[in-house]
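this one's structure only:
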């Protein structure tokens, strides 16, 4: 309904040619009509949004450097290339093209390692996983894996020694894979064989990776054949990967029930995993966390349809889960307080929240990067959650 409303509104808007500020002709997210709009070149105060770039962007990711400055990677669907937006010391946003060699940039994942932005992404033209890092003002690009069609559903983390860890999907063999880059050499390995481990399965959805305090990787992922959520972690004592099924449909309901898409993983300081993910059967958001040897699963008390673009962080030890509410086409946040969940609207201007990512920001705040579909903009927002 909101999509139809804003389509009609856009027709009226074009007829009126309402100006939104110097060089702009579109309302800005977070503004009330009539404008003025916030200055997109200045870091936003709390509870405001900034239009970082006016493009049709997919596969957005967000990271912070040690000083709290944000970096946003995204796939520009207009140029079919990888871009990054960042803020300089003066608080001014700038966007730059990172790689345009073919159709590149989908499934982007970004980290800032020792103040150096590093982006992993999929090269759709050649079916390979690539990595770009910026050093001394120049982008350096390497191929991480080109064995078959590899690199979709990428996620990445950096350890304290500057080693890059990447989880991704081998689309040719339907395997979950893991790559490690130490700045010189790349190693790759298969973690879960989609055919053997899933009984003929298809591991074809988002992966999420996190590192424990010792730098060992933990990965959550979705089995598209059995429709379940899985978890793998490296056990240094065994010298091998341990794999678990975290949530799966009741027996006999594999073809009608489905859980685990859009999964997002975070570890607490003790290494306990928290995973947020979708229950596509009920169109809801769930969270699973481990206490001892047992997994506890619970569903967020959402009355609307919400099962996509899910992310999770821990703030002051509390799980914070962002998600896209497809009933109202807006970005929302769930905050766990004790045994209860408090729900907030992050952005409801137009159709907001696709490809949303969330990180902890300075002063106990949350930062979000996401797409505004209505105005084709990459949005950055800082929020002080009520908790």
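Structure received. Note that the coordinates shown come from a computational prediction; the quantities given were computed from them, not determined experimentally.

isn't residue 140 right next to residue 132, touching?
Yes: with contacts counted by Cβ atoms under 8 Å, residue 140 reaches residue 132, the gap being 6.9 Å. The C-beta positions use only the backbone N, C-alpha and C, and glycine is treated the same way.

And the two? Which one has more around it.
residue 132 (22 against 12; other Cβ atoms under 10 Å).

ok, that one - contacts?
Taking Cβ atoms under 8 Å, 6 or more residues apart in numbering, we find residue 132 in contact with 82, 98, 99, 118, 119, 121, 139, 140, 141.

Pull up the gap between it and residue 316, please.
For residue 132, the distance to residue 316 (Cβ to Cβ, to the nearest Å) stands at 34 Å.

With residue 310 instead?
Applying Cβ to Cβ, the value for residue 310 to residue 316 is 20 Å.

neighbour count winner among the two?
residue 310 (27 against 9).

Which of the helices or strands spans the more buried one?
If you go by DSSP states H and E, residue 310 is part of strand 308-315.

Out of the contacts of residue 132, the closest to residue 346 would be?
residue 119 (24.4 Å; Cβ to Cβ).

Figure out the helix or strand that that closest one lives in.
If you go by DSSP H and E, residue 119 is part of strand 116-123.

Strand partners (parallel or antiparallel) of that strand?
strand 104-113 (antiparallel), strand 128-135 (antiparallel) (DSSP bridges).

Now render the ones you listed as TSV, adding distance to residue 86 and mean pLDDT.
Formatted as TSV, those follow (distance: least, Cβ to Cβ, whole Å; pLDDT from 0 to 100):
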stretch	distance to residue 86	mean pLDDT
strand 104-113	9	97
strand 128-135	9	96
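
deepest of those, which one?
Compared across the strands paired with strand 116-123, strand 104-113 shows the largest average neighbour count, a mean of 24 (mean count of other Cβ atoms under 10 Å).

Show me how far it is from its chain's centre.
10 Å (Cα atoms, centre = their mean, to the nearest Å).

again, but for stretch 259-271
Its chain's C-alpha centre and that of stretch 259-271 lie 12 Å apart, by Cα atoms, centre = their mean.

end to end, how far does that stretch reach?
The first and final residues of stretch 259-271 sit 24 Å from each other (Cα to Cα, to the nearest Å).

So which bits of that stretch are buried?
Residues of stretch 259-271 classed as buried by neighbour count (16 or more other Cβ atoms under 10 Å): 259, 260, 261, 262, 263, 264, 265, 266, 267.

ok, now stretch 362-373?
365, 366, 367, 368, 369, 370, 371, 372, 373.

Now for the residues you listed: which two are most distant?
Spatial extent of the buried residues of stretch 362-373 (Cβ to Cβ) is set by the pair 365 and 373 at 24.9 Å.
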